[in-house]
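1. whatever this is, show me its structure:
(one chain, ligands or ions: 1)
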Amino acid sequence: MTAMLELSGVSKHFGGMKAVNDVSFSVREGTICGLIGPNGAGKTTVVNLISGYLQPTAGRITLAGSDVADLRPHRLAAAGVARTYQNLKLFDESTVLENVLIGRHLSFKGRRWQLGRVRRREEAEQHEVARRLIDRVGLTSVTDVDVAELSYGMRRRVEIARAMATEPRLLLLDEPTAGMNRAESDDIGRLIQMINAEGVTVLLVDHNVRLVTEVCHRVVVLDWGSVLTEAGPHQVWQDERVKTAYLGTKERRTADTVEAPDAGR
Ligand SMILES: Nc1ncnc2c1ncn2[C@@H]1O[C@H](COP(=O)(O)OP(=O)(O)OP(=O)(O)O)[C@@H](O)[C@H]1O
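-> Next up is the predicted model:
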């Protein structure tokens, strides 16, 4: 199977700060890859580099074999890269439908010069696609509700639906379960698996050990801006270097975020 995403020797320095330093890893097409590491390890910077919000200081980023390191976000979106944000970026005073429609504009073929009838038909089609996506993320009942009125977990789903509205090949999820309870994060896990089953390759950044273990096919661990290791989702937690770096010392452990999953799960 080919690589959907490949980073080769990618670095991003902010002045003397090496936020990302000589990072190389690849994500196979059709898989879910976890990108984990302690706070400040460089995960969001990597997501920003892949999605064009930052340009690398050095290195190569390819999407399905094509060099994309110099592309700006809108070009990357058109090439099939969609993302969500660690801090939600939704239009709170707009409805769920309106937010998801924003994601559709890239594939919207409407032209100003088109006859009103044709344009109306295309708009109706876009609405239909957006409604289907809203249904898939389980938000049908709040389609016409302003995002500001939704729970945090629901807003996270709107963000995923909006990202999916661009019909991506690669979906970058930056801490999609941050601040969620167990039931909510389990729901997001199922949603990620459903999206992946439809053929979308996923790069998942999350601190939730259980989620990462259950949904990812491979896990890349960053520490101090560099790749510490890469392994299967169960093996990765057995690595002493990961325990030390990601989990911190045993004394610093807190049950929910750092306890390795039960053996055999
Ligand atoms: N624009 C910037 N200017 C200077 N330093 C930055 C900038 N962006 C990130 N950094 C630094 O780079 C390092 C990596 O940050 P990054 O946000 O990528 O880490 P992270 O692994 O996503 O952390 P977290 O899990 O807390 O979100 C941090 O030390 C951060 O302070």
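2. so Arg28 makes contact with Ala64?
-> No: assessed by CB atoms under 8 Å, Arg28 is found out of contact with Ala64, at 11.2 Å. Backbone N, C-alpha and C define where each C-beta goes, glycine included.
3. who touches both of these two?
-> By the contact definition CB atoms under 8 Å, 6 or more residues apart in numbering, Arg28 and Ala64 are jointly contacted by 2-4.
4. most proximal residue of the stretch 51-200 of the chain with respect to the ligand?
-> Gln86 (5.9 Å; CB to the nearest ligand atom).
5. what sits against Thr95?
-> Listed by CB under 8 Å, 6+ apart, the contact partners of Thr95 are 143-147.
6. okay, the residues you listed in TSV with pLDDT, secondary structure and distance to Gly153 next?
-> What follows is these, written out as TSV (pLDDT from 0 to 100; DSSP: H, G, I helix; E, B strand; the rest coil; distance: CB to CB, whole Å):
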residue	pLDDT	secondary structure	distance to Gly153
Thr143	95	coil	17
Asp144	95	coil	19
Val145	96	coil	14
Asp146	95	strand	16
Val147	93	helix	13
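7. possible to save those as JSON lines with distance to Arg156 and neighbour count?
-> Output for these, formatted as JSON lines (distance: CB to CB, whole Å; neighbours: other CB atoms under 10 Å):
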{"residue": "Thr143", "distance to Arg156": "16", "neighbour count": "16"}
{"residue": "Asp144", "distance to Arg156": "19", "neighbour count": "10"}
{"residue": "Val145", "distance to Arg156": "15", "neighbour count": "14"}
{"residue": "Asp146", "distance to Arg156": "16", "neighbour count": "15"}
{"residue": "Val147", "distance to Arg156": "11", "neighbour count": "20"}
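8. could you dump those into TSV and include distance to Arg75?
-> As requested, the contacts of Thr95 are arranged in TSV below (distance: CB to CB, whole Å):
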residue	distance to Arg75
Thr143	30
Asp144	32
Val145	33
Asp146	31
Val147	27
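9. which single one of the residues you listed is nearest to Asp70?
-> Val147 (33.2 Å; CB to CB).
10. in terms of contact, does the closest one touch Val96 like I think?
-> Yes: between Val147 and Val96 a contact is recorded at 6.2 Å, counting by CB under 8 Å.
11. neighbours around the closest residue to Ala148 other than its chain neighbours, how many?
-> The shortest distance from Ala148 to any non-neighbouring residue, by CB to CB, 6 or more residues apart in numbering, is to Asp92 (4.0 Å). Using other CB atoms under 10 Å, Asp92 is surrounded by 12 other residues.
12. repeat for Gly225
-> Under the criterion other CB under 10 Å, the count of neighbours that Gly225 has is 22.
13. repeat for Glu198
-> Glu198, neighbours per other CB under 10 Å, totals 9.
14. circling back to that earlier point, can you put the shared contacts of Arg28 and Ala64 in a markdown table and add neighbour count and distance to the ligand?
-> Shown next, in a markdown table, are the shared contacts of Arg28 and Ala64 (neighbours: other CB atoms under 10 Å; distance: CB to the nearest ligand atom, whole Å):
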| residue | neighbour count | distance to the ligand |
| --- | --- | --- |
| Thr2 | 10 | 27 |
| Ala3 | 17 | 22 |
| Met4 | 24 | 21 |
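15. those residues in strands, which ones?
-> Judged by DSSP state E, strands contain the following of the shared contacts of Arg28 and Ala64: 3-4.
16. what sits against Val118?
-> With CB under 8 Å, 6+ apart, Val118 has no contacts at all.
17. re earlier: ok so the residue of the stretch 51-200 of the chain closest to the ligand is a helix residue?
-> No: assigned with DSSP: H, G, I helix; E, B strand; the rest coil, Gln86 falls outside any helix and is coil.
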